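S.K.: no FASTA, just this:
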């Protein structure tokens, strides 16, 4: 029997829910009613069969990326590869590190190709692809850990900001993490880039060898994990303030390097209730609103 994705408007009548296996999207578009309808129809068309496309290349998608060597064929698969390729020379990473952001980006692209919209987003489990028309604003809620409830802080992205991708990674998320961050939110030009960067920065928030950190092989927890036998964080015991600061600074230094390379536009790192924000005054000047990165998290 052919599996069909679940596609339906939510009860608010504004947002579209697309679900197929592990892919679970919330989509919202704003603009003329006919344009929104066309965008949702395009999203549904592109979503149908997308999981099958990825599954067809899953073996290759779970392999470590080799710089300059992409054997993938699908549009989304190749986008995943491109997003993680900048990190391949320095660490182990597979295209799966950018799957959520790449899928969100693909669905948003299909919507924008079919309709003229004021604003739109595709949220794939917290990894968001964003479109902002002239004068539009988008509010992003920050939480201290992905498995928690409630929003700690909020920041706003305006149409003049280069950010169109937002992604969060950490040890409480849907995927395994090599680091101990509760959450790392990365902001980038695209959702696929943000997804890959959040993974890399979250891995860097760490205290290697610390006795309070419990780690297990990824494939002991999930046999088909793309991380194989690499140790992933399962629990973090009590840490001193200096240890928390040290782990966050390790991630912050990674984030600064990614910013300098043009791979991110900013990042918010969170661990045990403490927070570090990476951004520059150049970004701040581009955002005339008070909820820029620094103000958003320290207000």
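M.R.: Cool, the structure landed. A quick note: this is a predicted structure, and the numbers were derived from the prediction, not measured. Numbering: from 1, shown residues only.

S.K.: So, low pLDDT: which residues of this protein?
M.R.: Residue ranges of the chain with pLDDT under 70: 1-2, 143-153, 173, 280-299.

S.K.: for it, what's the longest strand?
M.R.: strand 23-30 (DSSP state E).

S.K.: Now do the buried residues in that strand.
M.R.: 23, 25, 26, 27, 28, 29, 30 (16 or more other CB atoms under 10 Å). In short, each C-beta sits where N, CA and C put it, glycine included.

S.K.: now stretch 93-112
M.R.: Applying 16+ other CB under 10 Å to stretch 93-112 flags 93-112 as buried.

S.K.: next one: stretch 213-222
M.R.: Judged by neighbour count (16+ other CB under 10 Å), stretch 213-222 contains these buried residues: 213, 215, 218, 219.

S.K.: returning to what we had before: return the subset of the buried residues of stretch 93-112 lying in helices.
M.R.: Taking DSSP state H, the ones among the buried residues of stretch 93-112 that sit in helices are 99-112.

S.K.: picking that back up, from the chain's centre, how far out does the longest strand of the chain sit?
M.R.: 15 Å (CA atoms, centre = their mean, to the nearest Å).

S.K.: what's next to the next helix or strand after it, contact-wise?
M.R.: Counting by DSSP states H and E, the element after strand 23-30 in chain order, helix or strand, is helix 33-47. Residues outside helix 33-47 that contact it (CB atoms under 8 Å, 6 or more residues apart in numbering): 5, 7, 9, 16, 18, 20, 23, 25, 27, 29-31, 106-107, 110-117, 120, 122.

S.K.: Next, residue 86: secondary structure please.
M.R.: Secondary structure, DSSP: H, G, I helix; E, B strand; the rest coil: residue 86 is helix.

S.K.: Ignoring the adjacent residues along the chain, who's closest to it?
M.R.: Counting by CB to CB, 6 or more residues apart in numbering, residue 86 lies nearest to residue 263, which is 6.0 Å off, once chain neighbours are set aside.

S.K.: Please determine how far the one you found is located from residue 196.
M.R.: The span separating residue 263 from residue 196 equals 8 Å under the rule CB to CB, to the nearest Å.

S.K.: what is in contact with these two at once?
M.R.: Joint contacts of residue 263 and residue 196 (CB under 8 Å, 6+ apart) are residue 86.

S.K.: out of those two, which sits in the busier spot?
M.R.: Per other CB atoms under 10 Å, whichever of residue 263 and residue 196 has more neighbours is residue 196, with 33 against 20.

S.K.: mind listing the strands for this structure?
M.R.: 6-9, 15-20, 23-30, 119-124, 127-132, 137-142, 153-158, 165-169, 183-188, 213-217, 231-236, 266-271, 274-278.
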